[in-house]
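1. Quick one, fold the following:
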Amino acid sequence: MAIDLNGGQYLAANSAWRTFLPNETLTTICRGLSPSVLATVARVSRQWRGVAEWLLYSNIFISETLSASSSLPYSTLRCCQTIRLHSHLANGLRKLHIRWKLEYGAYYAPDFNIFLSNLTQALGLATNIQSLDLHLGLPSLSEHPTSTFLSFPATDACYHSLRRVSLSGIGPFTHNRLTNFLNILPAVRHLRLPDYHDQITLIPQALPSLVSFSGSPRVAAAILPGRPVQSLVLVGQDYIPDLDLSQMVLTSVPLRHLDLSSMLVTPTLLRNLSRNLNTVETLKVKLALRHTLHFAGIGLLAALSHLLGAFRNLSTLDLSPTHVDYTGLSNSTEELSLCRSWQNACPSLRRVVFPSQTEWAFQEDDNTWVSVLAGELRRRPAFYSPNKFLGS
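-> Alright, predicted model coming up:
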């Protein structure tokens, strides 16, 4: 028998389904349905409504644009108020992703803290949450005219199921409250704090399952020691003190993946990285050579050979984030020459992606480098468009 959940006629017809299906079975049947279909399911009966609401509130994704005419995030407020009033929805919440975008000319109203307070209280109840992503667009400077910021739940309960945390644009961080929050996350594997730059001190037992971190070098130097971090994304300044680099080495397992695409990397910084983080297998870099490469060509990158030689396990070098002001076709001859030169210095190298976005792979069988676009014209990639906003 065909079932049309969108039509609504079937849902009111068969009372047997409503009477005998247990909640577990209904949940299995309805899991994966779109929010619009779940809204239709919720109109069948009180039981079906309970199951549909539980599923609707298990994965919450809210994106709101705050403008001069509508400067308050009412969708977020209504959602958080519902979670506060219904504890079973808070217990079933698994993913909470909220993003606010502030349009030009908009501002944060004085009563904005009411919305943030409701969000904080909802987080305090959602102790079974698995993924938390908050990008609220609030100013991060405490001297900003508004003192608006998100407070973390003041609770001693651990979030044993929370695996992913990303916090940005939540206003001036309160150091002690952030530290206390991170200390009660025993299962977090992925942590992202892109706009937190202050010193942080965690208890030794905090974040024992952390495998990837994204944030400023200063915070990375405080979080990585003693933890099994294998993937690191650094953001911010183009200079990293040697003391911070020496701390990043102290992970409990070797660091395997390093992403520097969110900062400009000078040859000096790359040299310092090669001396400290030489266990990485994949390296993604945005070189601070945009205009130099424009005039001198990519042949200038041959000088990287002696630096790459220090990365004894490096298998992938990704230079695609490096912007180069040039037109026309990429130079296959120069790229192939660089692949060979770099592999001579770093025998483990097997894959290279150039600023032209051309990828080269080493073929073990015939001992040669092959372009993934071999035989095709490699034209200037789309991101060189003059209409593209900087940093977009």
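2. can you tell me which residues contact residue 284?
-> For residue 284, the contact set (CB atoms under 8 Å, 6 or more residues apart in numbering) comprises 258, 259, 260, 261, 318, 320, 321. In this view, the C-beta of every residue, glycine as well, is placed from N, C-alpha and C.
3. Please repeat the previous calculation with a cut-off of 10 Å.
-> Listed by CB atoms under 10 Å, 6 or more residues apart in numbering, the contact partners of residue 284 are 233, 257-262, 265, 316-321, 353.
4. For ChimeraX, what selects the buried ones among those?
-> Of these, the buried ones can be selected in ChimeraX as follows, counting by 16 or more other CB atoms under 10 Å:
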select :233,257,258,259,260,261,265,316,317,318,319,320,321,353
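5. Return the subset of the contacts of residue 284 lying in strands.
-> Members of the contacts of residue 284 lying in strands (criterion: DSSP state E): 233, 257, 258, 259, 260, 261, 262, 265, 316, 317, 318, 353.
6. quick one: which of the residues you listed is nearest residue 288?
-> residue 265 (6.0 Å; CB to CB).
7. Quick check, residue 314 in contact with residue 304.
-> No - between residue 314 and residue 304 there is no contact under CB atoms under 10 Å: 11.3 Å.
8. Who has more neighbours out of those two?
-> residue 314 (25 against 22; other CB atoms under 10 Å).
9. Which of the three states applies to that one?
-> Look at residue 314: counting by DSSP: H, G, I helix; E, B strand; the rest coil, its state is coil.
10. how close does it sit to residue 93?
-> According to CB to CB, to the nearest Å, residue 314 and residue 93 sit 41 Å apart.
11. element containing residue 179?
-> Secondary structure from DSSP states H and E places residue 179 in helix 175-183.
12. How about residue 41: what's its closest non-neighbour residue?
-> Spatial nearest neighbour of residue 41, chain neighbours left out: residue 52 (4.5 Å); criterion: CB to CB, 6 or more residues apart in numbering.
13. any idea which helix or strand comes after the lowest-mean-pLDDT helix or strand in the chain?
-> Ranked by mean pLDDT, DSSP states H and E, the helix or strand of the chain with the weakest confidence is helix 290-296, at a mean of 48. Downstream of helix 290-296, the next assigned helix or strand under DSSP H and E is helix 305-308.
14. if we can go back for a sec, and for residue 314 and residue 304, which residues touch both?
-> Contacts common to residue 314 and residue 304, judged by CB under 10 Å, 6+ apart, are 274, 342, 345, 346.
15. Filter these down to just the ones in strands.
-> Per DSSP E, the shared contacts of residue 314 and residue 304 never map to strands.
16. Just the closest of the residues you listed to residue 112, please.
-> Distances from residue 112 to the shared contacts of residue 314 and residue 304, taken by CB to CB, are shortest for residue 274, at 46.3 Å.
17. sorry, back to before: which of the shared contacts of residue 314 and residue 304 lies closest to residue 179?
-> Among those, and counting by CB to CB, the member closest to residue 179 is residue 274, at 32.4 Å.
18. what about the closest one, neighbour count?
-> 20.
19. Kindly provide the distance from it to residue 306.
-> 9 Å.
20. Next: residue 67.
-> 53 Å.
21. what about residue 369, how many residues close to it?
-> 19.
22. residues touching it, list them.
-> 335-340, 343, 349-352, 360-363.
23. Out of those residues, which is nearest to residue 133?
-> residue 351 (29.9 Å).
24. what sits opposite the closest residue to that closest one other than its chain neighbours in the beta ladder?
-> The shortest distance from residue 351 to any non-neighbouring residue, by CB to CB, 6+ apart, is to residue 316 (4.4 Å). Counting by DSSP bridges, residue 316 forms beta bridges with residue 282, residue 351.
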